[in-house]
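Undergrad: My questions concern the predicted model and sequence given below.
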Amino acid sequence: MFTPVRPPFVVKRFYHRFVWEMPAVNKNIYLTFDDGPVPEATDFVLQQLEKYRAPATFFCIGDNVKKHPAIFQEIKNAGHRIGNHTQHHLNGWENNTENYIKDVNEAAKFVSSELFRPPYGRIRKQQANLLLEKYKIIMWDVISYDYDKRVTPEKCYQNVITNTRPGSIIVFHDSVKAFKNITYALPKCLEYFQSNGFIFKNDF
């Protein structure tokens, strides 16, 4: 099974106004978590980040924030950044621009942020152009595939540590679907990065 952990160059070039990676300064890396907040998974992630004193950015689904406001507040209280991930986890390719922007605006009522990440990484050019008027669109250059049932916990871990470099933006998921993999891979990744001199950042 081939899973492209790093996005193709042609995609990054086409969407060149998006943030795919950060400057390679002082071994800085950027941990991000999508699809929360949800009980158990987000709680586990927050505990691990606190243990390693690792700031991160959580791209939150507005509907999940609506359902779990206390967990969302814990994310903010811990000093992590938040970003808009739409209200209902919409795929931009499967939704017209009007509906997509409406959903993002609905999420903004619950997630006040200048950062946005499109679910699935799928967004139409017109949708992106409108959002770029008020958002910084944060993508990634390393994806763990923690949500994929075909990917073992060890493979998830290897996906991250073998592809991360200074300036990398890394995607994990604080979701039920990813929970099995992150409980194994996230602590090991945090330990690996810390012991190898990487610095966790969230200043996009």
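TA: That came through, no problem.
Undergrad: Buried residues in stretch 108-117, which are they?
TA: Across stretch 108-117, burial judged by 16 or more other C-beta atoms under 10 Å covers A108, F110, V111, S113, L115, F116, R117. All C-beta atoms are positioned from the backbone trio N, CA, C, and that covers glycine.
Undergrad: Now distance to V45, pLDDT and secondary structure too, for the residues you listed, in JSON lines please.
TA: As requested, these are exported to JSON lines (distance: C-beta to C-beta, whole Å; pLDDT from 0 to 100; DSSP: H, G, I helix; E, B strand; the rest coil):
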{"residue": "A108", "distance to V45": "23", "pLDDT": "98", "secondary structure": "helix"}
{"residue": "F110", "distance to V45": "19", "pLDDT": "98", "secondary structure": "coil"}
{"residue": "V111", "distance to V45": "17", "pLDDT": "98", "secondary structure": "coil"}
{"residue": "S113", "distance to V45": "18", "pLDDT": "98", "secondary structure": "coil"}
{"residue": "L115", "distance to V45": "18", "pLDDT": "98", "secondary structure": "strand"}
{"residue": "F116", "distance to V45": "20", "pLDDT": "98", "secondary structure": "strand"}
{"residue": "R117", "distance to V45": "16", "pLDDT": "98", "secondary structure": "coil"}
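Undergrad: can you redo the residues you listed as JSON lines with distance to V171?
TA: Compiled in JSON lines, these are given as follows (distance: C-beta to C-beta, whole Å):
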{"residue": "A108", "distance to V171": "21"}
{"residue": "F110", "distance to V171": "21"}
{"residue": "V111", "distance to V171": "17"}
{"residue": "S113", "distance to V171": "17"}
{"residue": "L115", "distance to V171": "14"}
{"residue": "F116", "distance to V171": "14"}
{"residue": "R117", "distance to V171": "9"}
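Undergrad: so which pair among these is furthest apart in space?
TA: F110 and R117 (15.3 Å; C-beta to C-beta).
Undergrad: isn't G121 right up against M139?
TA: Yes. The pair formed by G121 and M139 meets the contact definition of C-beta atoms under 8 Å, at 6.4 Å.
Undergrad: what residues do the two have in common as contacts?
TA: Contact criterion C-beta atoms under 8 Å, 6 or more residues apart in numbering; residues bridging G121 and M139 by contacting each: P7.
Undergrad: what's F72 in contact with, if anything?
TA: P37, C60, N64, V65, I82, F110.
Undergrad: Now the second one. Its backbone dihedrals?
TA: This means C60. Dihedral angles of C60 (phi, psi; degrees, to the nearest 10) stand at phi -100, psi 140.
Undergrad: which SS class is V38?
TA: When classified by DSSP: H, G, I helix; E, B strand; the rest coil, V38 comes out as coil.
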